[in-house]
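K.L.:
Take a look and give me a structure for this.
(chains A, B, C, D, E and F)
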Number of protein chains: 4
Amino acid sequence: MTIVTGAAAEDQERRAPGRPRSARAERAIVDAVLDLLAEGVPADALSIEAVAGRAAVGKATIYRRWPNKEALLVDALATLKGPLPELAGESVRDDLVALLRPVGRSSLSRASHILPCLITEIKRSPGLLHVYQKIMEPRREAMREVLRRGIDSGELREDLDLEVVMAMLVAPMLAQSMINWNPWLDRDVLPERLVDAIWPAIVPAASPR
Amino acid sequence: MTIVTGAAAEDQERRAPGRPRSARAERAIVDAVLDLLAEGVPADALSIEAVAGRAAVGKATIYRRWPNKEALLVDALATLKGPLPELAGESVRDDLVALLRPVGRSSLSRASHILPCLITEIKRSPGLLHVYQKIMEPRREAMREVLRRGIDSGELREDLDLEVVMAMLVAPMLAQSMINWNPWLDRDVLPERLVDAIWPAIVPAASPR
Amino acid sequence: MTIVTGAAAEDQERRAPGRPRSARAERAIVDAVLDLLAEGVPADALSIEAVAGRAAVGKATIYRRWPNKEALLVDALATLKGPLPELAGESVRDDLVALLRPVGRSSLSRASHILPCLITEIKRSPGLLHVYQKIMEPRREAMREVLRRGIDSGELREDLDLEVVMAMLVAPMLAQSMINWNPWLDRDVLPERLVDAIWPAIVPAASPR
Amino acid sequence: MTIVTGAAAEDQERRAPGRPRSARAERAIVDAVLDLLAEGVPADALSIEAVAGRAAVGKATIYRRWPNKEALLVDALATLKGPLPELAGESVRDDLVALLRPVGRSSLSRASHILPCLITEIKRSPGLLHVYQKIMEPRREAMREVLRRGIDSGELREDLDLEVVMAMLVAPMLAQSMINWNPWLDRDVLPERLVDAIWPAIVPAASPR
DNA sequence: TACTAAGCGAGACGGTACGTCGCGTCTTCTT
DNA sequence: AAGAAGACGCGACGTACCGTCTCGCTTAGTA
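P.N.:
Sure thing, here's the model as predicted:
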């Protein structure tokens, strides 16, 4: 790991001959995909021909970059990013609620329209799993941080199984955003309700289990 | 020829004229769909022509009954039923674990191969929501029953929010079976781990929050 | 071969058991066919389902009587008859023209709309040949009669080849009515033009026209 | 880069963008059609799928060129050409007979199998009329030439109505080849019989046949 | 009068072909 | 070489008829 590495790399993979690939085309393609998805096209009904048309690009230009529809989808969705909510940092409960809220019935951004589709498509296109994880990891880390802070401050019990707690909080919200109805609850899941319900299990116990 | 005839006829809604639809064909079609799904055809790649071929039926015979692929899928999946696991009834914890286990990585029956697809398809075909609920309701009721028994016996706290608890237990399992990997856990979610984690929140509290 | 045969036959083929075939249905079917043809349906585009619908008759009722579409067509067309033109009987030339005229661009009756199709269909359905002959024979006989009368009166030469003359007169007219354009003439063939052209060949040799 | 270029380009109607249509496919399709017809497929029973299969071509490749079956048929048949019979040129009678003979019961070439169908199809597909005329015109011109030469040599009368004579000679032959039976003659029309019958009408009036 | 056998309308049946659409690849000319 | 354009072989779509097969209901002649 030297400073030279960069330059060396530049030398080594010397510029391919011929016309370089157009960055413009690449962006146009990805944008076309996201636009179509945002317009409600059902992701598997998304036709390469439509993408090419919308992007004013030849089909070959797409296939030169991605081997098939799935790969294109993966890359297109990978460009999506929602901003992390800002945390007050005053109480564990409030921070958890703030982190959970945007997972539910979606907000207004283009991303929030598309992301739920993403999860649904993972089964069909396992490649999307990585995409999904990459997008989600910052949020998971934020939640982990909140919990760790709670433990440090003594607000939460020391032997907390972070991952399981996170799963139990997030999964119900997610299920709901996926199918627009929560199959286990009679009405919308409110983050508060989830946090309050699990609360006794995550605070230091007066009584041993 | 009595006065009642008219009313009777009205009641038993007078059989339609012409040759009645063949129950045999109907069964063959639905079976073909389920067979193909069980063989791993990705549900949206399921072609009507393949179904017709497999069922030894004309395409028109399918379209006469269902207006499109989705409607057929809904009806076909609606015929699926998995057996409920038998409960020992001795401890709440064991019963919960027994009910959760089959939700995870699927068992062997044809149904268990197909059901996870179902959830994934709900977004695409909202009609499947009813199907899903119909299949799931007996299981939810069973779990509710277990929890209620626990409350009655004093094993669980009286003010339990049944629905939220169920959601927190089932949703993580389901998410995992859907996408073959649990996005919030480093490894497979075991039902025991979930139940144990939430346990302090559902047993009578020695200490108030 | 006795006189009784007729009566015997009557006895022998005693009324079949069961409900006799409905003459009404039969007529309705044939009428439906002719109506559809008269409306311009291209004879081979004539669908049995359309006929059944128009005749308010079950498809089976058609197939019980005719083995296939062609047979039905043959029988339906066989019911067509156009009236013979009345002949003045004063001059051979005028009578020939009168007989030829209706062969050309069709008159107004339903028959005249359909007959040209008939000829076109003969190739496809050889059974129609007999139909065609049956319809045409009276007209041919009439023309033959006119020519014979001309011979008897000395107006025409004695050694006339009746059939060839008739062919040369009728075929051009017919070709034209078949394809709505005469492939060998720059404009419509007028019967007069044909008769006049052949005249020197059919009158006694020495006499000038 | 000259000023002329623009004009030149305009003249040679600037080639369309994209991959040009495959001449190979076009030929294969037309050949498939003609082959199937020559094998006796009844022209309206000719299925596009069969053509596509035989030509090893996608159906879309056919529909990209022709809007429907009829148009394809027209173009396919238009490629047919039979050779003109050679004329001795010694006597008008012999030349006429030579020209008429191939119109009757067909010879052996693929064309002769198909051409009679063509006439039958004209009613159905008026576009075929042009095809038919294009194929026939050379033969009509040949016959016209023979007659004109006869007039010049004094063998035929000067005021002959060429077109009508040709119609009277050809139409009976054609009718016969169309329906495999001549409706006005008891047996096959022989060209000789026709020519001889009309002879007195086409030679100068005074001279005996 | 009741029975029986066929005809009746309706319409479903397993098929075949239709004409359209999208796939992923290819072939052309232009940049 | 990459660009756009668009044709290629393929295969599924949903529709229309084919000729056959049930249905429940007449509609006769026979018993």
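
K.L.:
Please make it C-alpha for all contacts and neighbour counts, starting now.
P.N.:
Fine.

K.L.:
where's the residue most central in space within chain A, which helix or strand?
P.N.:
The centroid of chain A falls nearest to A:I135 when counting by Cα atoms, centre = their mean (3.4 Å). Assigned by DSSP states H and E, A:I135 falls within helix A:128-152.

K.L.:
how about the residue of chain A found nearest chain D, what does it touch?
P.N.:
Nearest residue of chain A to chain D: A:G58, at 10.0 Å (Cα to the nearest Cα). Applying Cα atoms under 8 Å, 6 or more residues apart in numbering or on different chains to A:G58 gives the contacts A:A52.

K.L.:
Dihedrals phi and psi, it?
P.N.:
When read as degrees, to the nearest 10, the backbone of A:G58 gives phi -70, psi 150.

K.L.:
Just the mean pLDDT for the helix holding A:I135, thanks.
P.N.:
On average, the pLDDT along helix A:128-152 is 88.

K.L.:
Apart from its neighbours in sequence, what residue is nearest the residue nearest to the centre of chain A?
P.N.:
Nearest in space to A:I135, with sequence neighbours left out and distances taken as Cα to Cα, 6 or more residues apart in numbering or on different chains, is A:K81 at 6.5 Å.

K.L.:
Check the secondary structure at the one you found for me.
P.N.:
coil (DSSP: H, G, I helix; E, B strand; the rest coil).

K.L.:
returning to that earlier point: distance of the residue nearest to the centre of chain A relative to B:A76?
P.N.:
According to Cα to Cα, to the nearest Å, A:I135 stands 36 Å off from B:A76.

K.L.:
List the buried residues in the host helix or strand of A:A60.
P.N.:
Per DSSP H and E, A:A60 falls inside helix A:59-65. Neighbour-count burial for helix A:59-65 flags A:I62 (criterion: 16 or more other Cα atoms under 10 Å in any protein chain shown).

K.L.:
What of stretch A:76-93?
P.N.:
A:76-78, A:80, A:87, A:92-93.

K.L.:
mean confidence score for that stretch?
P.N.:
84.

K.L.:
quick one: is that stretch near DNA strand E?
P.N.:
No: applying Cα under 7 Å from any atom of the strand, one finds stretch A:76-93 out of contact with DNA strand E, separated by at least 14.9 Å.

K.L.:
Can you show me the CA trace of that stretch as CSV?
P.N.:
Extracted as CSV, the C-alpha positions of stretch A:76-93 are listed here (Å, rounded to 0.1, in the frame of the first residue of the first chain):
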residue,chain,number,x,y,z
ALA,A,76,-29.8,0.7,-10.7
LEU,A,77,-31.2,0.1,-7.2
ALA,A,78,-27.7,0.2,-5.7
THR,A,79,-27.6,3.9,-6.5
LEU,A,80,-30.5,4.6,-4.2
LYS,A,81,-29.8,6.0,-0.8
GLY,A,82,-32.2,7.5,1.7
PRO,A,83,-30.7,10.0,4.3
LEU,A,84,-30.4,8.7,7.8
PRO,A,85,-32.8,10.3,10.2
GLU,A,86,-31.1,12.6,12.7
LEU,A,87,-31.1,11.4,16.3
ALA,A,88,-31.7,13.5,19.3
GLY,A,89,-29.5,11.2,21.3
GLU,A,90,-31.4,12.0,24.5
SER,A,91,-33.3,8.8,25.1
VAL,A,92,-32.9,5.3,23.8
ARG,A,93,-36.6,5.0,23.2
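
K.L.:
Low-confidence stretches in chain A?
P.N.:
Low-confidence segments of chain A (pLDDT under 70): A:1-16, A:82, A:104-113, A:116-117, A:179-189, A:206-209.

K.L.:
Can you pull the residues of it lying near DNA strand E?
P.N.:
A:19, A:46-50, A:59-60, A:63, A:67-69.

K.L.:
One more pass at 10 Å, please.
P.N.:
With Cα under 10 Å from any atom of the strand as the criterion, chain A meets DNA strand E at residues A:18-20, A:44-53, A:58-64, A:66-72.

K.L.:
Out of the residues you listed, list just those in helices.
P.N.:
Under the assignment DSSP state H, the residues of chain A next to DNA strand E contribute A:48-53, A:59-64, A:69-72 to helices.

K.L.:
Alright, calling it a day.
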